[in-house]
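Participant: Sequence isn't available, so here's the structure alone:
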């Protein structure tokens with residue numbers, strides 16, 4: 001009877017950063033013409049870097065911060081209602 005052996009682990013495990021590299025390459029290929037000059041290529045790379053590395057995270061963090069600021073009162077209200085509901089449930093389930 002042949003028993004399969006356990007697979008041997010790969011000695012060189014390369015974990016690619018798939019979050020940024022593919023999106024960055026796709027943006028470069030989309031904005032860059034194949035026959036572009038060297039200065040045009042540098043301008044496109046600079047534009048993509050500024051847009052994808054600097055501006056988009058900044059805009060996303062501003063939007064998230066504004067959403068959390070807008071929801072602060074509502075979240076505080078929900079927290080208080082959860083605490084009172086928990087206290088009432090605890091009193092009903094475990095009366096002293």
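Facilitator: Yep, that arrived. Not measured: the values here are computed from a predicted model.
Participant: longest single helix anywhere in this structure?
Facilitator: In the chain, assigned by DSSP state H, the helix with the most residues is helix 72-93.
Participant: Tell me which residues are up against the least confident helix or strand in the chain by mean pLDDT.
Facilitator: Scoring the helices and strands of the chain by mean pLDDT, DSSP states H and E places helix 21-31 at the bottom, with a mean of 82. The contact list for helix 21-31 (CB atoms under 8 Å, 6 or more residues apart in numbering) reads 44, 45, 47, 48, 51, 52. To be clear about C-beta, it is placed using only N, CA and C from the backbone, and glycine gets the same treatment.
Participant: any idea whether the most centrally placed residue in the chain is helix, strand or coil?
Facilitator: The centre of the chain sits closest to residue 19, judged by CA atoms, centre = their mean, with a distance of 8.4 Å. Remark: residue 19 carries the secondary structure label coil [criterion: DSSP: H, G, I helix; E, B strand; the rest coil].
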